[in-house]
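Engineer: sequence plus the predicted model coming up.
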There are 2 protein chains.
Amino acid sequence: MIDPIFIAIIAGALGLAFAAFLATYVLRQDQGSERMREISGAIKEGAMAFLRREYQILAIFVVVITLVLGLIPPLGWWVALSFIFGALCSGIAGFIGMNMAIRSNSRTAAAAERSLNHGLRVSFRSGAVMGLCVVGIGILGLSILYIAFHSNIDFLKIIPGFGFGASLVAIFARAGGGIYTKAADTGADLVGKVEKGIPEDDPRNAAVIADFVGDNVGDVAGMGADLFESYVDAIIATMALSMLAWSATMTAPLTPDKETAWYLPMMVAAGGIIASIIGAFLVRVGEKPEMSALLGALRRGTFSASILTAGFAALAVYFLDASWGILWAVLAGLIAGMLIGESTNYFTSYSFGPTRRISEASQTGAGTTITAGFANGLMSTLPPIILVAIAILVAHYFAGMYGIAIAGIGMLATLGITLATDAYGPVADNAGGIVEMSDLPPEIRERTDALDSLGNTTAATGKGFAIGAAALTALALMVSYTQAVGIQFAAISLLDPVVVAGLFLGVLMPALFCALTLNAVGRTSFAIINEVRRQFREIKGIMTGEARPEYGKCVDICTKAALKEMIAPGLITVAAPIIVGFVLGPLALGGFLIGAIASGFLIAVMMANAGGSWDNAKKWIEKGNYGGKGSDAHKAAVVGDTVGDPFKDTSGPSLNIMIKLMSIIALVLAPVLAGVTGILG
Amino acid sequence: MIDPIFIAIIAGALGLAFAAFLATYVLRQDQGSERMREISGAIKEGAMAFLRREYQILAIFVVVITLVLGLIPPLGWWVALSFIFGALCSGIAGFIGMNMAIRSNSRTAAAAERSLNHGLRVSFRSGAVMGLCVVGIGILGLSILYIAFHSNIDFLKIIPGFGFGASLVAIFARAGGGIYTKAADTGADLVGKVEKGIPEDDPRNAAVIADFVGDNVGDVAGMGADLFESYVDAIIATMALSMLAWSATMTAPLTPDKETAWYLPMMVAAGGIIASIIGAFLVRVGEKPEMSALLGALRRGTFSASILTAGFAALAVYFLDASWGILWAVLAGLIAGMLIGESTNYFTSYSFGPTRRISEASQTGAGTTITAGFANGLMSTLPPIILVAIAILVAHYFAGMYGIAIAGIGMLATLGITLATDAYGPVADNAGGIVEMSDLPPEIRERTDALDSLGNTTAATGKGFAIGAAALTALALMVSYTQAVGIQFAAISLLDPVVVAGLFLGVLMPALFCALTLNAVGRTSFAIINEVRRQFREIKGIMTGEARPEYGKCVDICTKAALKEMIAPGLITVAAPIIVGFVLGPLALGGFLIGAIASGFLIAVMMANAGGSWDNAKKWIEKGNYGGKGSDAHKAAVVGDTVGDPFKDTSGPSLNIMIKLMSIIALVLAPVLAGVTGILG
């Protein structure tokens, strides 16, 4: 019998091979007119410049942390190596995804000139390249670590280092990219659409190229790093809990031996990759499809992938001779994830009451729009939290804490395809911008808008279950941390004030993180607004089209500001668990992590859904309701959308990463913290 | 030696006597012109009608719960009686406070005709009547219960019933009143100020009387019930933890006997009442004071009261022969409360950077105003959470869990005076409205505006420490619950998935509550807006002053809507802990309470401070910055204020009550829950 790890390697390689095949297809496509190439070139230049400088800054953090990890005796150089490898893999996944996206935008625009279906094919395939690269690189990276270190006695210390590296890169990439994209977007909209009354993506707007660049560095590179870390952290959390699934003294272990407990999560994930590839093949529509048919096709793809994942998980459990309880845990996660997706759709799509009520509230102005959207975001936390609570109880009932971790994998297993439906959105968005700037006929723009709008719907759904999975994964990491640091069940009591104080501080962290990132977006967009206003004022002939604005200036402002502003939120995320652990002790850190997970989950769902519903409430008005485009209701809805942008694309999604990063730091440092008693100890 | 409980009775009687003295003074004042009396009469009529109907609805809840409590064998009729007594006391405190306020508004307006100082004296004294009634009735009610039941074996079961009654009335009064006041306020502002460009409180606005009524039923009656329950719950929580301060088997008990552990919190509170009365005497200024001198005088009053409270607490500890650790716990609460007040002031006053930055952000529109204020609210949670965490650790270090409860009393002990500085604001606000509607000269309006603005500053500070005290009190109640239900330290572990699932559900509750109340305000103000618009459209001559709008219609709409809308949030608050306790079991309920306390604390601070800073950011612009009144920046700031209104006066402050109500329900039901195992048990 072959070593099961090779199945993971084969699945990963298949994923990458399929990604390469799709990439070749996309790159073969026509790049469009001279003008389109020119714009695409400017976007590429700005995006690459940002990524290069972002990675340079990240490299400093990575080097410093590598040295610290390597030099601390209970950790050592293997942990440091694992960390640096995780950071590298995450960087590569983000780089490939973005590289693909910036090469696909003009090609999608050109394809949309031919037909809607062509446009969909090019953009969806470029998104699938990223989706498959993320999962492929993730599982291959972990397989390499497994092969290299699974006989090392410190295997369970080394493997979290990989997750730490991935999470560290992710938090900076998500925050930096998120600040960039939303500052540029808001800045461009507020001066262009609101003040000057020119359309979105109009070439007369100085911030328009910065806005396109932002889509790539935030919604593509940032999201790629984000989901890479979600994926590998879910697997690592399960591996880290292996001693709860198998030990020599257990009377009814979940797996026949400890190696099985280690690679079983990789098998489930591998099944998910194969299922995603098959699902992607099922995303097919006729030559002249309706939008509803497109959405149906995407949903058919993701739904089939989920069913297949469940089937593959059953095979894995059967062939690895593991407990069937594990399958129930996978199913608990998978089903909860799908239901969270449905609930997200309900709360954010304009096909349903909640978002339409925000549109209705727009009739009485921006104030009521904001309140209605905020209330909707708060309300929308009900189903995900209840579903995750049920998933926790069910998974634990059938497979203990190990089950909770594996439920997280179940929720994320189909990432290959869901990420594809997510990542093609920004490509379509960029393509629309290129169409607008290249003076192509309006019906082409309508096609790219249709693609973009479809992407918004799938992106919101995708965000929902990514957050749910993050809660399960972070919880599993927190449990691993308590195991690693030697905290007993009876010790970490809610009647211990140190634990409660830690919990309060943990609850605070996501709020603090959001405050910093929201302010960062605010400050950066303020700078952009003033720059665009200045150009309109000082450069004569912009409005008449006789002079070109200086796009580069806005790109520069965004780049510098985003890189500067991403430091503080990233740094507090890294520093807080270390400070709490050393000052208040390991028990307080346990409470801190639970507090951060619960509050981060709540705030992340609230922000993502409030943002999504404001966006779609605006779109519902634009479809001709309550006065349509240009009405007072529309102006109020635009304000809602402006507020929602950083909610849903900067602060909200970063919380996913934050709760896992803090948990994994605790886990990595557990050997060091084991001797710490805290000031009150 | 006299029984120490008589000291509490004397302090309570002194508080009420002083309140009666102040009330006599206020009622002796001139009621102003015929027109002023007429307006005041309309306000009185609307407010009383609302309160009567609100109390009728509450009576149904109270009767049903009384029957349930009485009929459940482990609880019984003494508990039911205590519950009904608490509800009654709370209702009386709210009624007296509101009755005083609606009699003071025209008198304050008339006094302001003479001078600013006269206006301050009348309004401040009417606020002090409510402050002293709340604390006086609170401590007398508890003293009566003590005398009646302290030899009853079930004393510690009976006493929480009183808190349950007080909290139940408070949540409905706060939610109902809060929905009323903010819906009327927003509705009046959006049509009047924003659409029609007429001033605030203009008699041409059909919602103007409803707005005045709202100030009384929300900001006075609602707040009175709110702070009554804060006060008595803090004392009850400490009494309920008495077995952690004294038991016959303890080697170093905190008090010489169990009775001392029971009445010691009442002694600290009694000292606070005396200190508040003395502090109120110190609130004196010259005949023609500057605003800064007024604020200085108020702060001198509250600061002196704090010092005196500490002194009285030291005397109580000394004479009752209790552990000095208790004094340190009182001080921890007192100091943390004062620092929370300072931090609230920093984040919400336009004298400091955070609020000014919101004004600055208003230059780029409503979107950036909202984001900046929301970020500020999130950021402002940092000091209170850290301060409460420190207070928890310090109080516990010196006096165990009993110390945490008593720290909550320390934070609230000066309520007599701080509530006075809080409650006079709405009176001044109403007085200003009466001035506006009675065509008095503009300089009188300027005086009432100055009083109102001073009230806003002190109200924000007051809210801050009320929330902090709520967190400590609720935590103490949760600990009492675990004691009462028999949960061991080692059992309520963060590694138990049932506890974690409960915690997740608890974190959800405040979000859900806010969503319901925000939507209620939104729906009600939508109805008001449409009614005011209709009247402007259909009743000819309103704008020219030839016809009077139908004020009564708006009052009716608000009354009906607020009473209907308060049911759902109140009901889920009562039902949720019961459902969690019976379905998931007592351990899950413990986790649920901690989750709700932590998340409620965070969200309450965020909403109160975001709302306060939006309000003052608008005021900062109105003082002539960034274009002043009528500029685009001002319009954007008005949107911020509209969003902030229900944040700071409806949803945010209700969370205080919510977390205590849920905790006290758990405590009251503990004897019933003790045998429950939950579906997974």
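Structural biologist: Noted; the coordinates are in hand.
Engineer: can we go C-alpha only for contacts and neighbour counts from here?
Structural biologist: Will do.
Engineer: which residues of the stretch 151-300 of chain A lie near chain B?
Structural biologist: On the criterion Cα under 8 Å from any Cα of the partner chain, chain B has as its neighbours in the stretch 151-300 of chain A the residues A:L190.
Engineer: who touches the residue of the stretch 151-300 of chain A found nearest chain B in this structure?
Structural biologist: Distances from the stretch 151-300 of chain A to chain B, computed as Cα to the nearest Cα, single out A:L190 as the nearest residue at 7.6 Å. Listed by Cα atoms under 8 Å, 6 or more residues apart in numbering or on different chains, the contact set of A:L190 reads A:I529, B:T364, B:G365.
Engineer: next, give phi and psi for A:G32.
Structural biologist: Its backbone dihedrals place A:G32 at phi 90, psi -170, with angles given as degrees, to the nearest 10.
Engineer: quick one, phi psi at the residue of chain A most remote from its centre?
Structural biologist: With distances taken as Cα atoms, centre = their mean, the residue sitting farthest from the centre of chain A turns out to be A:K540, at 41.8 Å. Backbone dihedrals for A:K540, given as degrees, to the nearest 10, come out at phi -70, psi 140.
Engineer: ok, it touching A:A547?
Structural biologist: Yes. Between A:K540 and A:A547 there is a contact at 6.9 Å, judged by Cα atoms under 8 Å.
Engineer: what does the stretch 451-600 of chain A put close to chain B?
Structural biologist: For the stretch 451-600 of chain A, the residues in contact with chain B under the definition Cα under 8 Å from any Cα are A:479, A:489-498, A:501-505, A:507-508, A:511-512, A:514-516, A:518-519, A:522, A:526, A:529, A:591, A:594-595, A:598-599.
Engineer: so among those, which ones count as buried?
Structural biologist: When these are checked for burial by 16 or more other Cα atoms under 10 Å in any protein chain shown, the buried set is A:479, A:489, A:491-498, A:501-505, A:507-508, A:511-512, A:514-516, A:518-519, A:522, A:526, A:529, A:591, A:594-595, A:598-599.
Engineer: can you give me the strands for chain A?
Structural biologist: For chain A, strands defined by DSSP state E do not occur.
Engineer: now stretch A:575-587: buried residues?
Structural biologist: Within stretch A:575-587, the residues that qualify as buried by neighbour count (16+ other Cα under 10 Å) are A:A576, A:P577, A:I578, A:V580, A:G581, A:F582, A:V583, A:L584, A:G585, A:P586, A:L587.
Engineer: look up the pLDDT of the nearest residue to the fourth one once chain neighbours are set aside for me, please.
Structural biologist: The shortest distance from A:V580 to any residue other than its chain neighbours is 5.8 Å, reached at A:L589 (Cα to Cα, 6 or more residues apart in numbering or on different chains). pLDDT recorded at A:L589 is 97.
Engineer: measure the residue nearest to A:G545 when sequence neighbours are not counted to A:T559 for me?
Structural biologist: Closest residue in space to A:G545, ignoring its immediate chain neighbours: A:R204 at 6.7 Å, by Cα to Cα, 6+ apart. When Cα to Cα, to the nearest Å is the yardstick, A:R204 and A:T559 sit 21 Å from each other.
Engineer: same check, this time on A:G627
Structural biologist: Going from A:G627 to A:T559 by Cα to Cα gives 38 Å.
Engineer: those two: who's more crowded?
Structural biologist: More neighbours surround A:T559 than the other of A:G627 and A:T559, with 29 against 14 (other Cα atoms under 10 Å in any protein chain shown).
Engineer: the more buried one reaches A:R52, doesn't it?
Structural biologist: No. If you go by Cα under 8 Å, A:T559 and A:R52 don't touch, sitting 10.7 Å apart.
Engineer: now do the contacts for A:V532.
Structural biologist: Residues in contact with A:V532 (Cα under 8 Å, 6+ apart) are A:G187, A:A188, A:V191, A:N205, A:A206, A:A207, A:C554.
Engineer: please redo it, this time with the cut-off set to 10 Å
Structural biologist: By Cα atoms under 10 Å, 6 or more residues apart in numbering or on different chains, the contact list for A:V532 reads A:187-188, A:190-192, A:204-208, A:538, A:549-551, A:553-554.
Engineer: show me which of those residues are buried.
Structural biologist: A:187-188, A:190-192, A:204-208, A:549-551, A:553-554.
Engineer: kindly tell me how buried the residue nearest to A:M98 when sequence neighbours are not counted is, as a neighbour count.
Structural biologist: Excluding the flanking residues, the one nearest A:M98 by Cα to Cα, 6+ apart is A:A221, at 5.2 Å. Residue neighbour count, defined by other Cα under 10 Å, stands at 32 for A:A221.
Engineer: was I right about A:A221 contacting A:F95?
Structural biologist: Yes. Under the contact definition of Cα atoms under 10 Å, A:A221 touches A:F95, with a separation of 6.4 Å.
Engineer: gap between A:V668 and chain B?
Structural biologist: With distances taken as Cα to the nearest Cα, to the nearest Å, A:V668 is found 19 Å from chain B.
Engineer: any regions of chain A where pLDDT drops low?
Structural biologist: Counting by pLDDT under 70, chain A contains low-confidence ranges at A:1, A:285-291, A:681.
Engineer: biggest helix in it by residues?
Structural biologist: Of all the elements of type helix in chain A, the one with the most residues (DSSP state H) is helix A:442-485.
Engineer: what about that one, distance to the chain center?
Structural biologist: Mean C-alpha position of helix A:442-485 versus that of the full chain (Cα atoms, centre = their mean, to the nearest Å) differs by 5 Å.
Engineer: for A:M606, give me its contacts.
Structural biologist: Listed by Cα under 10 Å, 6+ apart, the contact set of A:M606 reads A:373-382, A:600, A:612, A:647-648, A:652, B:511.
Engineer: please indicate which of the residues you listed has the highest neighbour count?
Structural biologist: When neighbours are counted by other Cα under 10 Å, A:G373 leads these with 36 neighbours.
Engineer: report the contact partners of the residue nearest to that one when sequence neighbours are not counted.
Structural biologist: For A:G373, the nearest residue in space outside its immediate sequence neighbours is A:A610; the separation is 5.3 Å by Cα to Cα, 6+ apart. In this structure, A:A610 makes contact with A:347-348, A:355, A:370, A:372-380, A:604, A:640-641, A:643-645, A:647-648, A:652, judged by Cα under 10 Å, 6+ apart.
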